[in-house]
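Sequence first, predicted model second:
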Amino acid sequence: MTKSAGMRDVAQLAGVSVGTVSNVLNRPDAVSPGTRARVQAAIAELGFVRSESARLLRAGSSQVLALLALDLADPFFVGVLRGAEQAARAADLGVLVMDSASSAATEATHLVMLAQQRVRGVLVTPADVSGATLAEFGRARIPYVLVDRDIPGGTGCRVLVDDVAGGAMAVAHLIAAGHRRIAYVPGPLELPQYRDRLEGARLAVAEAAEAAEAAGAADRGVELVLLPGARADVAAGRDAAARMLGLGERPTGVFCGNDLIALGVLQGLFAAGVTVPGDVAIVGYDDAEVAAAAVVPLSSIRRPATRVGQAAAELLVEESGAAAGEHVHRELVFQPELVVRASSLGSVSAAAVPTNAVPTNAAPTNTAPATAAPAVPTPPVPSARNPDS
């Protein structure tokens, strides 16, 4: 491989000093027009490209933010990246993307590399939920913002989504439609997001029981059936559908930890001749593009991924920028919302769709696709607080 030209090569060809080449690049007005023209001609002839990273490192700054995602196969992080890039462009910065693939070891390796590269700051969804890896990274004095996950002892900025509220919303929707045996199919329960959604699901079940008791209803029971899996992809959803079909009493409603799982459940039920929502209703999570595009469009809990990424990057730019000394760490919490599509329309008890849902027109069963696009609500406004207070 041919070695790229450096400043010494330019200086030699132009017959000037390296310092003169540096002046042409950084302070051209300090160089006479004739000398400047010779240096510029040498640059063009050699194809010299200045090392912007080296210049910025010498100056103690960088124009690059990093996004260390938990799983780039998850559509949520694609939305986070989109929002982060919008905020970065507004600040004349770029975004370097890495994927930990939910591995604490991979995350640690990537963070060491980012510290060595002296990036301006890092947006990170921690794979190491203990916080030890980020605590070690903190010694590099590079700011970071937690995205969609908190860690023990975390003191920096964080941008989260209220997944407890999202889980409660999904199961309350199924209960309102008359379902009394509901399956929850999460991703790995080691991940806090899936545990939070389970907590919300259980809260909805408990609230339904309390409401039934207060009304003196004879039937107060709603059963939540947990069908955990080791992955959070379409294959995991198909596996969960097979396990669900093998139960003695099949649930009539399914809440899935994300839309990929929900799509797999839909495929598994479809292959077994089970209609959706006629026999089983499904609600997913994230409201990824695959949700609306499924053969039976999936109801889903919408998380504002783009706004999460944008808000997180804005906090990082602020903390790492000229106003860093005035920066106050903040926690922003976005609220999710229910988007109702064909997969959960119709009801066991002819109950109405909850008023806090965003309904869409769609086909009633898995025998015909829908044509209408989902309604787009006003972007949610996050709550904010100082995590250090």
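Yep, it's here. In this text, all values refer to a predicted model and were calculated from it rather than measured experimentally.

Would you mind writing the CA trace of the helix or strand L332 falls within as CSV?
Element membership for L332, per DSSP states H and E: strand 331-334. Extracted as CSV, the C-alpha positions of strand 331-334 are listed here (Å, rounded to 0.1, in the frame of the first residue of the first chain):
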residue,chain,number,x,y,z
GLU,A,331,-32.8,13.1,33.7
LEU,A,332,-35.4,13.2,31.0
VAL,A,333,-38.2,10.6,31.0
PHE,A,334,-40.4,10.3,27.9
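
chain center to it: distance?
How far strand 331-334 lies from its chain's middle: 14 Å, per Cα atoms, centre = their mean, to the nearest Å.

which residues of the stretch 151-300 of the chain fall in helices?
Residue ranges of the helices in the stretch 151-300 of the chain, as given by DSSP state H, counting those that start in this stretch, are 163-176, 192-214, 234-245, 259-271, 289-293.

could these go into TSV alongside mean pLDDT?
Below are those laid out as TSV (pLDDT from 0 to 100):
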stretch	mean pLDDT
helix 163-176	97
helix 192-214	92
helix 234-245	96
helix 259-271	96
helix 289-293	93
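
and of these, who's closest to P126?
helix 192-214 (9.5 Å; Cβ to Cβ). Glycine gets a C-beta too; all of them are placed from N, C-alpha and C.

Tell me the helices and strands packed up against that closest one.
Secondary-structure packing of helix 192-214 (3 or more Cβ pairs under 8 Å, 6 or more residues apart in numbering; DSSP states H and E): helix 163-176, strand 181-185, strand 223-226.

Run through the protein and note the low-pLDDT ranges.
For the chain, the stretches with pLDDT under 70 are 1-3, 51-61, 217-220, 322-324, 347-389.

The strand holding L332 pairs with which strands, and in what direction?
Paired with strand 331-334 in the same sheet, following DSSP bridges, are strand 157-161 (parallel), strand 383-385 (antiparallel).

Determine the set of other helices and strands touching the helix or strand just after it.
Later in the chain than strand 331-334, the nearest helix or strand by DSSP H and E is strand 337-340. Under the contact definition 3+ Cβ pairs under 8 Å, 6+ apart, strand 337-340 sits against helix 163-176, strand 299-302, strand 357-359.

A212 is nearest to which of those?
Of the helices and strands packed on strand 337-340, nearest to A212 by Cβ to Cβ is helix 163-176, at 9.8 Å.

so what does the closest one touch, helix or strand wise?
Contacts defined by 3+ Cβ pairs under 8 Å, 6+ apart place helix 163-176 against strand 181-185, helix 192-214, strand 253-256, strand 281-286, strand 299-302, strand 337-340.

Just send those back as TSV, with distance to G131 and mean neighbour count too.
Shown next, in TSV, are the helices and strands packed on helix 163-176 (distance: least, Cβ to Cβ, whole Å; neighbours: other Cβ atoms under 10 Å):
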stretch	distance to G131	mean neighbour count
strand 181-185	27	25
helix 192-214	12	18
strand 253-256	28	32
strand 281-286	25	29
strand 299-302	27	28
strand 337-340	30	22
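
for P192, what are its contacts?
Taking Cβ atoms under 8 Å, 6 or more residues apart in numbering as the criterion, P192 is in contact with V129, R149, D150.

hang on, the second one packs against D196?
Spelled out, it's R149. No. Counting by Cβ atoms under 8 Å, D196 is not a contact partner of R149; they are 9.9 Å apart.

Checking I142 next. Helix, strand or coil?
Using DSSP: H, G, I helix; E, B strand; the rest coil, the three-state assignment for I142 comes out as coil.

ok, now how distant is it from Q117?
Between I142 and Q117 the distance is 10 Å, computed by Cβ to Cβ, to the nearest Å.

D150 too?
When Cβ to Cβ is the yardstick, D150 and Q117 sit 26 Å from each other.

for G325, same thing?
Counting by Cβ to Cβ, the separation of G325 from Q117 is 24 Å.
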